[in-house]
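**Student:** make a model of this:
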Amino acid sequence: MKTIGIIGGMSWESSLVYYRIINEIVRERLGGLHSAKSLMVSVDFALIEAMQSSGNWSGATEVMIRCAHQLESGGADCVLIATNTMHLMFDAVQAAISLPVIHIADAAAQRIQSLNIKTIGLLGTKFTMEMDFYSGRLHDKFGIATVIPGESDREEVNRIIYQELVLGLISGKSKNEFLRVIADLRDKGAEGVILGCTEIPLLVKQEDTDIPLLDTTALHAQSAVDFAIRD
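**Tutor:** The predicted structure is shown next:
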């Protein structure tokens, strides 16, 4: 079994879920007392959020590269950036190390294609929704079209993520807001919706709606296990 390297702490709430899901999948596939071989470098999210808010993406990139080097030196065989937003610097991180970095959007795209979906809704931080690093990859690499919420809804989704979910706060009111936005995305032509922030599945689950929801945390974790136990 290969060793999965994880850059976590963005937030630790979702990093905890990554660790659980990765180990659950390994136990399910290999049976017995098997668990995943893994390493995690966990950052102080307050520092990362400050860089995001100020647009200091070069500083954030340096942090991600430094974490990737730690994982590489520690014996990891692959790297997961355990957050959607920080895939903005995926190319820089991949160029800095010799290990494969498993892209979270690729994991989502494989599931989208298996469902024969051509147009997908995208929820996440305002950076993920508004910048091209995520939707552009889906379009250019997989031919998948993306729709996002309107400006006021993007602001509300972003607020709920940063002021509630990363703090572990789960609100029924916020859940209803997300379900309203999801319904609006369907009205705009989305055949499914990417939960493109690793904390969103803490709030909204598939049983809450009949439109397909893509849990990027679970899909990313599954891709990591696929790599780790592949012959």
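**Student:** and the residue lying farthest from the centre of the chain, what does it touch?
**Tutor:** For the chain, the C-alpha farthest from the mean C-alpha position belongs to residue 32; by CA atoms, centre = their mean, that distance is 29.0 Å. For residue 32, the contact set (CB atoms under 8 Å, 6 or more residues apart in numbering) is empty. For every residue, glycine as well, the C-beta is placed using N, CA and C.
**Student:** list phi and psi for it.
**Tutor:** phi 60, psi -130 (degrees, to the nearest 10).
**Student:** can you check the one 4 residues further on too?
**Tutor:** Listed backbone geometry of residue 36 is phi -80, psi 140, with angles given as degrees, to the nearest 10.
**Student:** any idea how far it is from residue 125?
**Tutor:** When CB to CB, to the nearest Å is applied, the distance between residue 36 and residue 125 equals 27 Å.
**Student:** and if you look at residue 178?
**Tutor:** Separation of residue 178 from residue 125 (CB to CB): 14 Å.
**Student:** tell me where this protein has strands.
**Tutor:** In the chain, strands defined by DSSP state E lie at 4-8, 38-42, 78-81, 119-123, 145-147, 193-195, 213-215, listed in chain order.
**Student:** excluding sequence neighbours, find me the nearest residue to residue 61.
**Tutor:** residue 89 (4.1 Å; CB to CB, 6 or more residues apart in numbering).
**Student:** residue 57 is in contact with the one you found, correct?
**Tutor:** Yes. Using CB atoms under 8 Å as the test, residue 89 is close enough to residue 57 to be in contact (6.9 Å).
**Student:** more neighbours: these two, which one.
**Tutor:** The neighbour comparison of residue 89 against residue 57 (other CB atoms under 10 Å) goes to residue 89, with 22 against 16.
**Student:** mind listing what residue 111 touches?
**Tutor:** For residue 111, the residues meeting the contact criterion (CB under 8 Å, 6+ apart) are 214, 219.
**Student:** actually, residue 124.
**Tutor:** Counting by CB under 8 Å, 6+ apart, residue 124 touches 84, 85, 134, 157, 161, 194, 195, 196, 197, 200.
**Student:** nearest residue to it in space, please, no chain neighbours.
**Tutor:** residue 196 (3.4 Å).
**Student:** ok, the one you found touching residue 84?
**Tutor:** Yes. If you go by CB under 8 Å, residue 196 and residue 84 touch, sitting 4.8 Å apart.
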